[in-house]
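Participant: I'd like to go over a predicted model; first the sequence, then the structure.
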Amino acid sequence: MAGDNMETQNLNSPDSLWRPMTQHRTLLSNRPKHIVKGEGCYIINEDGERILDGTAGLWCVNVGHGRKELAEEAKKQMEKLAYVIPIMTSDPAVELSEKMLNMIGMEKGHVYFTSSGSEANEVAFKIVRQYHLQAGNPRKHKIISRHRAYHGNTLATMTATGQAERKIGYEPLAPGFLHVPPPYPYRRHPKLTLEEHGEECVKFLEDTIIYEGEETVAAFIMEPMISGGGVLIPPDNYLAGVREVCDRYNVLLIMDEVVSGFGRTGKMFGHEHWGIKADVFTFAKGMASGYMPVAATVVKEEIFEAFYGETSELRHFRHINTYGGHPVAAAVSLKNIDIVKQENLPANAAKMETYLRNRLSEFSDHPLVGDIRGRGLLLGIELVSDKEKKTPVSLAQANGILQNCLKEGVLVMRNGNTVPGLGNILIMAPPLILKENEADQIVDAVGKSLNQALN
């Protein structure tokens with residue numbers, strides 16, 4: 001019988017899983033951690049080893065692991081209404097849409113729910129193209145994004161992503177996407193001040209719009225600060241300049257808050273650091289702290305109104321996904337947002353940023369440390385082999401530092417498959433409930449690993 005050999009099988013074997021971002025040829029010599037439990041800032045493997053989750057999963061478990069109140073909220077909603085077709089509505093989805101509009105200060109607008117950040121950005125691209133077509137600008141279809149930025153893994157969002165190595169093997173990609181250089185203060189021209197660098201990068205955007213023809217450019221998508229591409233913090237004048245250029249050329253501004261939303265950067269949303277508003281926002285990750293797959297695309301009312309018309313005109317938004325507005329995901333998101341607010345987690349992220357940066361400054365003179373940067377609990381260390389020339393460390397050396405951190409009981413990441421030869425930024429993004437003793441554990445592990453890398 002098929003079950004006769006069950007006792008001899010390892011039911012927890014990872015061999016059947018095709019894991020992302022992993023070279024499986026090394027699986028036998030470098031087997032993955034098999035995680036069985038999460039508690040606060042820690043994940044626990046099958047051997048009982050506690051690992052400090054210095055990346056909050058994929059930068060999403062903002063309220064920490066093991067929140068029973070979120071599990072209870074999911075159970076309660078499942079028992080009441082587990083699913084409804086997206087063309088209908090439910091109490092949790094309606095309440096969540098109203099709460100999100102209120103949180104971003106959008107007096108009138110509409111929220112379209114999906115299941116992931118990639119989907120949220122895919123929806124945004126479709127909306128802005130259809131909007132311009134129906135608003136009388138049929139040639140406006142091009143979307144500009146930035147090198148090093150990550151916006152998703154669908155064909156269109158990967159095209160918008162400015163990370164060359166991720167695209168190898170999947171080309172040709174979607175047409176109609178362009179890229180401009182992002183602000184990168186650490187690697188700016190040495191003759192430029194921070195403000196001049198910000199102006200330079202705004203000019204890159206404006207020139208691209210002009211050269212392509214303003215009548216062809218639909219939108220510019222950006223994160224408030226580039227996250228997975230290396231934790232790149234823009235100069236203070238950059239976002240305001242971008243907003244001005246977009247307004248001048250009737251280009252919609254899409255703000256990708258998938259990583260930076262819900263307290264990660266020390267404010268509820270990343271764009272609040274620079275005081276500008278977008279026409280379209282996208283959210284995911286911290287929206288439900290990873291407890292449910294949920295994402296949202298939020299648009300201004302004037303964009304939504306362009307979709308009014310007779311059914312026969314096909315002016316309505318003809319996009320649907322099975323789990324959009326999922327009542328359980330929406331209920332968990334509402335509870336998660338309550339936790340973020342009640343425990344004032346954005347403020348704790350800001351407080352812990354100060355603490356971590358003070359501790360990390362101990363490494364400023366380390367031979368392998370070129371730059372330490374970040375906002376809130378999204379911090380990066382740029383690793384270099386030559387501080388004067390800013391030469392990136394090798395990928396082998398960067399990976400060795402990650403592995404040594406893990407041996408010290410701390411999980412951190414680096415920017416992977418971004419730009420050839422520039423996967424050298426160590427990234428820390430722990431849960432927003434982080435305490436000082438846990439921050440010390442991260443710093444101590446990083447310090448030991450940096451020193452080991454010199455030997």
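Facilitator: All right, it came through fine. Note that the structure is a prediction, hence the values are computed from the model and not measured. Residues are numbered from 1 along each chain as shown.
Participant: check the gap between residue 43 and residue 129 for me.
Facilitator: Distance, residue 43 to residue 129, using CB to CB, to the nearest Å: 41 Å. For glycine as for every other residue, the C-beta is placed from the backbone atoms N, C-alpha and C.
Participant: residue 65 contacts residue 39, doesn't it?
Facilitator: Yes - here residue 65 lies in contact with residue 39, judged by CB atoms under 8 Å, at a distance of 5.7 Å.
Participant: how about low-confidence regions in the chain?
Facilitator: Flagging of the chain using pLDDT under 70 yields the residue ranges 1-14, 26-32.
Participant: just want the most central residue of it.
Facilitator: The residue lying closest to the centre of the chain (CA atoms, centre = their mean) is residue 259, at 2.9 Å.
Participant: who are the contact partners of that residue?
Facilitator: Taking CB atoms under 8 Å, 6 or more residues apart in numbering, we find residue 259 in contact with 59, 117, 223, 227-228, 270, 285, 378, 429.
Participant: ok, back up a step: residue 65 and residue 39: which has the busier surroundings?
Facilitator: Neighbours were counted for residue 65 and for residue 39 using other CB atoms under 10 Å; residue 65 has more, 22 against 12.
Participant: distance of that one relative to residue 403?
Facilitator: In this structure, residue 65 and residue 403 are separated by 22 Å, where distance is defined by CB to CB.
Participant: cool, and residue 230?
Facilitator: As for residue 230, its distance to residue 403 is 20 Å (criterion: CB to CB).
Participant: of these two, who's got more company?
Facilitator: The residue with more neighbours, out of residue 230 and residue 403, is residue 230; 27 against 13, by other CB under 10 Å.
Participant: quick one: the more buried one and residue 426 touch, right?
Facilitator: No - taking CB under 8 Å as the contact criterion, residue 230 and residue 426 are not neighbours in contact, 10.0 Å apart.
Participant: all helices for this structure, in order.
Facilitator: Along the chain, counting by DSSP state H, helices occupy 56-59, 68-80, 91-103, 117-134, 155-160, 164-167, 194-212, 238-248, 301-305, 327-342, 345-360, 395-407, 436-454.
Participant: and among the ones you listed, the most buried is which?
Facilitator: helix 117-134 (a mean of 24; mean count of other CB atoms under 10 Å).
Participant: tell me the bridge partners for the closest residue to residue 370 other than its chain neighbours.
Facilitator: For residue 370, ignoring the flanking residues on the chain, the nearest one in space by CB to CB, 6 or more residues apart in numbering is residue 384 at 3.8 Å. Bridge pairing for residue 384 (DSSP bridges) gives the partners residue 392.
Participant: how about residue 384, what does it touch?
Facilitator: Residue 384 makes contact with 368-370, 390-393, 424, according to CB under 8 Å, 6+ apart.
Participant: one more pass at 6 Å, please.
Facilitator: Residue 384 sits next to 370, 390-391 when contact means CB atoms under 6 Å, 6 or more residues apart in numbering.
Participant: most neighbours among the residues you listed, please name it.
Facilitator: So for those (other CB under 10 Å), the most neighbours sit at residue 370, 24 neighbours.
Participant: how close does it sit to residue 389?
Facilitator: Residue 370 sits at a distance of 10 Å from residue 389 (criterion: CB to CB).
Participant: just residue 64 next, same as before
Facilitator: When CB to CB is applied, the distance between residue 64 and residue 389 equals 41 Å.
Participant: which one's more surrounded, the two?
Facilitator: residue 64 (22 against 9).
Participant: so that one sits against residue 432, correct?
Facilitator: No - look at residue 64 against residue 432 with CB atoms under 6 Å: they stay out of range, at 7.7 Å.
Participant: for the stretch 151-300 of the chain, just list every one of the strands.
Facilitator: 177-180, 217-222, 252-256, 280-283, 295-300 (DSSP state E, counting those that start in this stretch).
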